[in-house]
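Undergrad: Here is a sequence with its predicted model. Questions after.
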Amino acid sequence: MVCGLAFFPRGFRCPNPACFGDEVEDVRFPRSGILSSFTVVRYPPPPPFVPTDPFEAFAIAEVEFDNGVQVIGPVPVEVGLDLTIGSPMKTEIDAYYKNDDGTEVVGWKFRPVAEPV
Amino acid sequence: MRDVFVVGVGLHPWGKFPDKSWVAMGADVMNGALTDADLPWTDVEALVSGAMQWGGSTGIRAGNTIAAAIGETGIPITNINNACATGGSLMRSAWTLVASGLNEVVMAVATDKSPDGFFPSVPVVAQEPTPPIDLLRWHIGLPNPGYWALEMRKRMELYGTTEEHLAQVKVKNSRHGALNPYARYRREFTLEEVLGSPLVCDPLRLYEICATSDGAAAVILASEDVMRRVEAKRVKLAGCSLASGEYGDPTLRIPLLSATADTAASAPLLSESKLAADRAYEQAGLGPEDMDFVELPDNSSWHELQYLETMGFCDEGESERLLDEGVTALGGRLPVCPSGGFSSFGEATVAQGLLQIVETTWQLRGEAGARQVEGAKAAVTMAYGAQGNNSACILTT
């Protein structure tokens, strides 16, 4: 990092044109952010998405972090579809689903929490 | 740079045409534009064509594919894909060729056949060290309307937009589309019907999102000399811009996974679209207040509300009031999408920007029939710039 900008996902150069830096380093995101928006996907997306069978609607959250970035991610199904803008959301690493060969596809999810962590 | 004029337009009806090839649709609209201009194909000095990703390699080189079908003449052919800004990008390419004096007659054509339902991922066959972003977004499962829904929800929080507002956009545009013989959906939708349609990506409902369609359009641009020789009604391309996104824009762009935080944003929402509109106004020496109507990208109800502001027709948060007061309906002060918009035509990515030019040309010539905006002398068109690119065109009499 030359200019200190945080971005996601990892890139190989700084995307700030005023910086134009070619040095980047990995930093940790805050564990939680604030729900800036969300939607509920009510029809199965096309592959490579693997829908549940039968298909169940699922929520996708947009979470704003205090490092100046907002990121989208799925909300765990057990949370349900009723979310509140402005709520604290915690990042979890969890399986999205299993591929045909049984390997788990793992990614980030956002879960509402009572207090920021 | 010299003045450039629209001297011929051709449009295919929009819908689903499984029994007709996109090549034949393209040939039809090219022939239609040539007939309209009263020019032979052999007078066209260059062709710019939409590169249709859904058609595989011959679709990506659609201009060459259609030229081979109707008779190759050896002219320069350029195939462009700038997502929904393709039509505007074709206009800009054709405009630069004529405005610079390099060519007298240039044709833009785009023909598209869309997959049903959500636009799927375009396969990536290049070997890469990490998965492409588009693949990651599909693992999360966010279809294009989901991106629009995320912005719509924010707008509702900010400005108190109601579900009725979202539905009224469709009701209004369906009234326009009912008057257009080229539209896919040629009937009025009621408020109850729209509000009763299923949610696709909350808060957007099925009838508040444009359908994926097949369509084609062609436009011939020419110098003033040619315009006078063929005795075309005067329609000048007074502004034709292209812009890309600015760093710090908070828009969550298809197919990205992140954006600048709203609280950290240093550029406006849809920065590429605002830049494109501003540049076209400057080029034309006109402002939003000079426009008699607008063809904007009503891909969803969010788009229509947001683009009125992005294109400078009102302040942030005021679009709902314009809708409520009937300003944006045919007969109002600023009819929005008199064609019926993408809401009535559906989305045919590379062709929809040219559809707007065809409609605007008909309107400025006074040939728009039952949906005519009386006395229209100037209008602006804009599609939706996915992944941060967009164009605006201003046409005047």
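TA: Sure, I can see it.
Undergrad: Pretty sure A:Val105 sits against A:Tyr97.
TA: Yes - here A:Val105 lies in contact with A:Tyr97, judged by Cβ atoms under 8 Å, at a distance of 5.8 Å. C-beta coordinates here come from the backbone N, C-alpha and C atoms, glycine included.
Undergrad: what is in contact with the two at once?
TA: A:Val50 (Cβ atoms under 8 Å, 6 or more residues apart in numbering or on different chains).
Undergrad: can you tell if stretch B:388-396 touches chain A?
TA: No - using Cβ under 8 Å from any Cβ of the partner chain, stretch B:388-396 never reaches chain A; the gap is at least 11.7 Å.
Undergrad: where do the strands sit along the stretch 201-350 of chain B?
TA: B:204-205, B:214-222, B:236-244, B:258-260, B:293-295 (DSSP state E, counting those that start in this stretch).
Undergrad: out of those, which comes closest to B:Ser271?
TA: Nearest of these to B:Ser271, taken as Cβ to Cβ: strand B:236-244 at 8.0 Å.
Undergrad: how about the closest one: buried residues?
TA: Across strand B:236-244, burial judged by 16 or more other Cβ atoms under 10 Å in any protein chain shown covers B:Lys236, B:Leu237, B:Ala238, B:Gly239, B:Cys240, B:Ser241, B:Leu242, B:Ala243.
Undergrad: Rebuild the strands of the stretch 201-350 of chain B as CSV, extending it with distance to B:Asn144 and mean pLDDT.
TA: As requested, the strands of the stretch 201-350 of chain B are exported to CSV (distance: least, Cβ to Cβ, whole Å; pLDDT from 0 to 100):
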stretch, distance to B:Asn144, mean pLDDT
strand B:204-205, 11, 98
strand B:214-222, 17, 98
strand B:236-244, 19, 97
strand B:258-260, 15, 97
strand B:293-295, 20, 98
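Undergrad: Next up, the contacts around residue 114.
TA: You didn't pick a chain, so chain A it is. Going by Cβ under 8 Å, 6+ apart, A:Ala114 touches A:Pro88.
Undergrad: not quite, I wanted chain B
TA: B:Ser114 makes contacts with B:Trp54, B:Thr212, B:Ser213, B:Asp214, B:Gly346, B:Glu347, B:Ala348, B:Thr349, as judged by Cβ under 8 Å, 6+ apart.
Undergrad: any idea what sits nearest it, other than its immediate chain neighbours?
TA: Residue nearest to B:Ser114 in three dimensions, not counting chain neighbours: B:Thr212, with 3.8 Å by Cβ to Cβ, 6 or more residues apart in numbering or on different chains.
Undergrad: Then B:Gly366?
TA: B:Gln372 (6.5 Å).
Undergrad: The one you found is in contact with B:Arg365, isn't it?
TA: No - shown here, B:Gln372 and B:Arg365 do not form a contact pair, counting by Cβ under 8 Å, at 9.9 Å.
Undergrad: How many neighbouring residues does residue 13 have?
TA: No chain specified, so I'll use chain A. Neighbourhood size, A:Arg13 [other Cβ atoms under 10 Å in any protein chain shown]: 11.
Undergrad: actually chain B
TA: Neighbours of B:Pro13 under the rule other Cβ under 10 Å: 17.
Undergrad: measure it to B:Gly117 for me?
TA: The gap separating B:Pro13 from B:Gly117 is 21 Å, by Cβ to Cβ, to the nearest Å.
Undergrad: In contact with residue 115, which residues are there?
TA: All of this is about chain A. Listed by Cβ under 8 Å, 6+ apart, the contact set of A:Glu115 reads A:Pro88.
Undergrad: my bad, the chain I had in mind was chain B
TA: By Cβ under 8 Å, 6+ apart, the residues touching B:Pro115 are B:Trp54, B:Thr212.
Undergrad: quick one: pLDDT of it?
TA: On the pLDDT scale, B:Pro115 is placed at 90.
Undergrad: With distance to B:Gly385 as added columns, please give the strands of the stretch 201-350 of chain B in TSV.
TA: What follows is those, written out as TSV (distance: least, Cβ to Cβ, whole Å):
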stretch	distance to B:Gly385
strand B:204-205	19
strand B:214-222	18
strand B:236-244	8
strand B:258-260	14
strand B:293-295	15
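Undergrad: Low-confidence regions, chain A specifically.
TA: A:1-2 (pLDDT under 70).
Undergrad: who in it is up against chain B?
TA: A:7-9, A:15-18, A:36-43, A:45-49, A:51, A:58, A:60, A:62, A:64-65, A:68-74, A:81, A:85, A:96, A:105, A:107.
Undergrad: and these, which of them are in strands?
TA: A:36-41, A:58, A:60, A:62, A:64, A:69-74, A:96, A:105, A:107 (DSSP state E).
Undergrad: quick one: B:Ala379 from B:Lys233, how far?
TA: Relative to B:Lys233, and taking Cβ to Cβ, B:Ala379 is found at 15 Å.
Undergrad: And for A:Leu35?
TA: 54 Å.
Undergrad: Which residue of these two possesses the greater neighbour count?
TA: Between A:Leu35 and B:Lys233, counting by other Cβ under 10 Å, A:Leu35 is the more crowded of the two (20 against 14).
Undergrad: That one contacts A:Ala59, doesn't it?
TA: No - checked against Cβ under 8 Å, the pair A:Leu35 and A:Ala59 is beyond contact range at 10.2 Å.
Undergrad: list residues touching both of the two?
TA: By the contact definition Cβ under 8 Å, 6+ apart, A:Leu35 and A:Ala59 are jointly contacted by A:Leu83.
Undergrad: Tell me what the residue most central in space within chain A is bridged to.
TA: Using Cα atoms, centre = their mean, the residue of chain A that lies closest to the mean C-alpha position is A:Gly73, 3.0 Å off. According to DSSP bridges, the partner residues bridging A:Gly73 are A:Ala61.
Undergrad: Thought A:Lys109 was touching it, still the case?
TA: Yes - in this structure, A:Gly73 is within contact of A:Lys109 by Cβ under 8 Å, at 5.5 Å.
Undergrad: Can you work out which residues contact both of those two?
TA: The contact sets of A:Gly73 and A:Lys109 overlap at A:Thr91 (Cβ under 8 Å, 6+ apart).
Undergrad: So chain A: which segments form each domain?
TA: Following automatic domain parsing, one gets these domains for chain A: A:1-29, A:32-112.
Undergrad: Would you mind putting these into TSV with distance to B:Thr58 alongside?
TA: Shown next, in TSV, are those (distance: least, Cβ to Cβ, whole Å):
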stretch	distance to B:Thr58
domain A:1-29	34
domain A:32-112	23
